[in-house]
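Trainee: What follows is a predicted structure for the sequence shown.
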Amino acid sequence: MALFIFITCTCCGVISGIVYDILYVARCAVCGITKEVYTVKDKIFTAACDILYCLIFAAGFVFTSVMFDFDELRLYMLIACFLGALLYLKSFHVIVAFSVKKVYNRVISRKGKKLNDGRKA
């Protein structure tokens, strides 16, 4: 039973990585990808996304625990969740972050090109 719980909690961590990527894309769309130029509103939005991620992660963990009738909270359950999230972030998140950066740079370069084309010299 402990192996089943460990694998289930690892999957819960991987799913939380997907939620993190959804919030990451939203954060990049609203705030941009360069953290050095974040305004106060951008930092507040980032903090709100982080809090929302933690709440979703906690709710998903509790939901999984209730659905599969896990009796007690054990340390290996939390380790499995964080291991699943870490595995996701070190694998698929790299692809998502690369794609978001490419799309963001392409959109920004097109906006700059449109602005430069519209100006009179």
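Mentor: Structure's in. What do you need?

Trainee: Show me the helices in this protein, by range?
Mentor: 2-31, 40-67, 75-90, 92-118 (DSSP state H).

Trainee: tell me what the shortest one is packed against?
Mentor: With contacts defined as 3 or more CB pairs under 8 Å, 6 or more residues apart in numbering; DSSP states H and E, the secondary structure elements packing on helix 75-90 are helix 2-31, helix 40-67. The C-beta positions use only the backbone N, C-alpha and C, and glycine is treated the same way.

Trainee: list the buried ones in that helix?
Mentor: 77, 80-81, 83-85, 88-89 (16 or more other CB atoms under 10 Å).

Trainee: Same check on the first one?
Mentor: For helix 2-31, burial by neighbour count (16+ other CB under 10 Å) applies to 5-6, 8-10, 12-17, 19-21, 23-25, 27, 31.

Trainee: ok, now the last one?
Mentor: Using 16+ other CB under 10 Å as the test for burial, helix 92-118 gives 93, 96-97, 100, 104.

Trainee: show me where pLDDT drops low in the protein?
Mentor: Filtered on pLDDT under 70, the chain yields the residue ranges 112-121.

Trainee: rewinding a little: redo the buried residues of helix 75-90 as TSV? Include distance to residue 55.
Mentor: Shown next, in TSV, are those (distance: CB to CB, whole Å):
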residue	distance to residue 55
77	18
80	20
81	14
83	21
84	18
85	15
88	18
89	19
